[in-house]
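Enquirer: Sequence first, predicted model second:
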Amino acid sequence: MLANTQKLPTLSLFMNDFLLLTKSRLSITVVFSSIAGYLLAVTAPSAWHMLLLSLGGYSLAGASNAFNQIIEKDIDAKMKRTQNRPIPMGRMSIQTAFAISTTLMIIGLVILYGFNPKTAMFGAISAFLYCCAYTPLKTITPFSVFVGAIPGAIPFMLGWISVTGSLGIESAFLFMIQFFWQFPHFWAIGWLMHEDYQRAGINMLPTRKRDRATAFQIILYTLWTLVISASPVLGLSGTLTLTIPAAILVGIIGLIFLWHCILLYKNQSELNAKKLMIVSIIYIISIQWIYVIDKFI
């Protein structure tokens, strides 16, 4: 009985560390975006397809996040936000983390290849850019945000490609929406965590400072995001369409998003950066499901 009671907390701790290693919340947002893209492409949704897409998407995203933590183990130990992760805390060895990462990567790519080769290819591109380009560039240049926005934008289009097997104008629009959205989102995080990032030698902000020039760029990229998000109403995005009422709703949510960018420009405070970060998350989730609901009603 004693042996069994000791195994339970050990298993619980391992599962908690597994979720931390794979950055479960971030990986779930990847799955969320992929499912939204899938629903926009499909005529009759399949629960089995969504289940496999969720499993494949989480596996690939989790593997990328785990490889990222292996590479950044010394950096993570310096930052308050990340120092409790399993590798810097010594709760998980590099060998164990590598085994988990490799297994998840194989599972993810095999599942995505089961849909079609292009889905697996873009999944592999996303993982490669995240681990081998974005991660090492973070300590070198703020340009890393641009590089990181590419793998970050792929999940939304990945769901579409898992159905169609082709890279058309529709998947390009889905990519662009999430690509431009990531700049205000990650710069808001970079603003909020600036001191922590500086401690680890990471520069996320375009000017390397929490200043009006950075806030102005946040406004510009948000404007691009809003324009692209509403543009399917003009009929320029192939079969990806948006009705006028849905476009108006997207526009209203977009103006709220933009207003918080302006507030950060006017008053460069951490509170405004935190509000902007939260609003940016609400924005991307909202428009994805506005698109989906608009399609099916």
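Expert: Good, I have the coordinates.
Enquirer: Tell me where the stretch 151-297 of the chain has helices.
Expert: With helices called from DSSP state H, counting those that start in this stretch, the stretch 151-297 of the chain shows them at 169-192, 194-199, 212-230, 244-266, 270-296.
Enquirer: Averaging pLDDT over each of those helices, report the lowest-scoring one.
Expert: For the helices of the stretch 151-297 of the chain, mean pLDDT drops lowest on helix 194-199, to a mean of 90.
Enquirer: Any buried residues in it, and which?
Expert: For helix 194-199, the buried set under the neighbour-count rule, 16 or more other Cβ atoms under 10 Å, comprises 194, 196-197. Every residue, glycine included, has its C-beta placed from N, CA and C.
Enquirer: hmm, back to that, any chance of the helices of the stretch 151-297 of the chain in JSON lines, with distance to Thr141 too?
Expert: Formatted as JSON lines, the helices of the stretch 151-297 of the chain follow (distance: least, Cβ to Cβ, whole Å):
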{"stretch": "helix 169-192", "distance to Thr141": "13"}
{"stretch": "helix 194-199", "distance to Thr141": "13"}
{"stretch": "helix 212-230", "distance to Thr141": "15"}
{"stretch": "helix 244-266", "distance to Thr141": "23"}
{"stretch": "helix 270-296", "distance to Thr141": "21"}
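Enquirer: how does this structure divide up, domain by domain?
Expert: 11-167, 168-297 (automatic domain parsing).
Enquirer: Just give me the neighbour total for Leu26.
Expert: 13 (other Cβ atoms under 10 Å).
Enquirer: what do you get for Gly123?
Expert: So Gly123, with other Cβ under 10 Å, has 30 neighbours.
Enquirer: can I assume it is in contact with Val110?
Expert: No. Gly123 is beyond contact range of Val110, at 10.4 Å (criterion: Cβ atoms under 8 Å).
Enquirer: and for those two, which residues touch both?
Expert: Gly56 (Cβ atoms under 8 Å, 6 or more residues apart in numbering).
Enquirer: Can you tell me how far the residue nearest to Lys295 when sequence neighbours are not counted is from Phe14?
Expert: The spatially closest residue to Lys295, leaving aside those adjacent along the chain, is Leu40, at 6.1 Å (Cβ to Cβ, 6 or more residues apart in numbering). From Leu40 across to Phe14, the span is 37 Å (Cβ to Cβ, to the nearest Å).
Enquirer: Now do the one helix or strand Ala66 maps to: which elements does it pack against?
Expert: Here Ala66, judged by DSSP states H and E, is contained in helix 47-71. Identification of packing neighbours for helix 47-71 by 3 or more Cβ pairs under 8 Å, 6 or more residues apart in numbering; DSSP states H and E yields helix 2-21, helix 24-41, helix 94-115, helix 117-129, helix 135-137, helix 144-164.
Enquirer: buried sites along that helix?
Expert: Buried residues in helix 47-71, defined by neighbour count with 16+ other Cβ under 10 Å: 49-50, 52-54, 56-70.
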